[in-house]
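*Asks:* structure of the sequence below:
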Amino acid sequence: MPQVTRTDEAELDLIGILVHLGRYGRAAADRFAAEFDQKCQFLAQFPDMGDPCEELGPGLRRFPVRQYVLFYRPSAGSIEVVRVIHGSRNTTSLFNP
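*Replies:* Now for the predicted structure:
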């Protein structure tokens, strides 16, 4: 099975998202967490499915998960989730401060 790792920033992003969604009920947060994990496993199996975004960092790709964007780097048999950001945020300023 392909491996999925997360940076510390991605962990913090995901925690923030789940806390936010948890305000609407635990079921909402649980559904997002399950969908997020499913998308990560899918991307680990098919890493080229995401759109390249080299302008934000070398080897970086992006893939939507509901209203969020999952940024990741593929490697042999795995992906590293770099950030999980709401789609309305300015990603350029987050990756190139």
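
*Asks:* got phi/psi on the residue in the chain sticking out farthest from the centre?
*Replies:* Going by CA atoms, centre = their mean, the residue of the chain most distant from its centre is G25, 21.6 Å out. Here is the backbone geometry of G25 (degrees, to the nearest 10): phi 130, psi 140.

*Asks:* do you know how far E11 is from V82?
*Replies:* 11 Å (CB to CB, to the nearest Å). Bear in mind the C-beta positions are built from the backbone N, C-alpha and C, glycine included.

*Asks:* residue boundaries of the helices in this structure?
*Replies:* 8-22, 26-45, 91-95 (DSSP state H).

*Asks:* list the residues that contact the residue most central in space within the chain.
*Replies:* By CA atoms, centre = their mean, the chain has its centre lying nearest to L70, at 2.5 Å. L70 makes contacts with 36, 39-40, 43, 50, 62-64, 81, 83-84, as judged by CB atoms under 8 Å, 6 or more residues apart in numbering.

*Asks:* now it: how far from R6?
*Replies:* From L70 over to R6 (counting by CB to CB), the distance is 10 Å.

*Asks:* shared neighbours of those two, which are they?
*Replies:* With CB under 8 Å, 6+ apart, L70 and R6 have common neighbours V81.

*Asks:* of all the helices of the chain, which one is nearest E54?
*Replies:* For those, the distance to E54 is smallest for helix 91-95, at 11.0 Å, taking CB to CB.

*Asks:* quick check: buried residues in the closest one?
*Replies:* For helix 91-95, burial by neighbour count (16 or more other CB atoms under 10 Å) applies to 91, 95.
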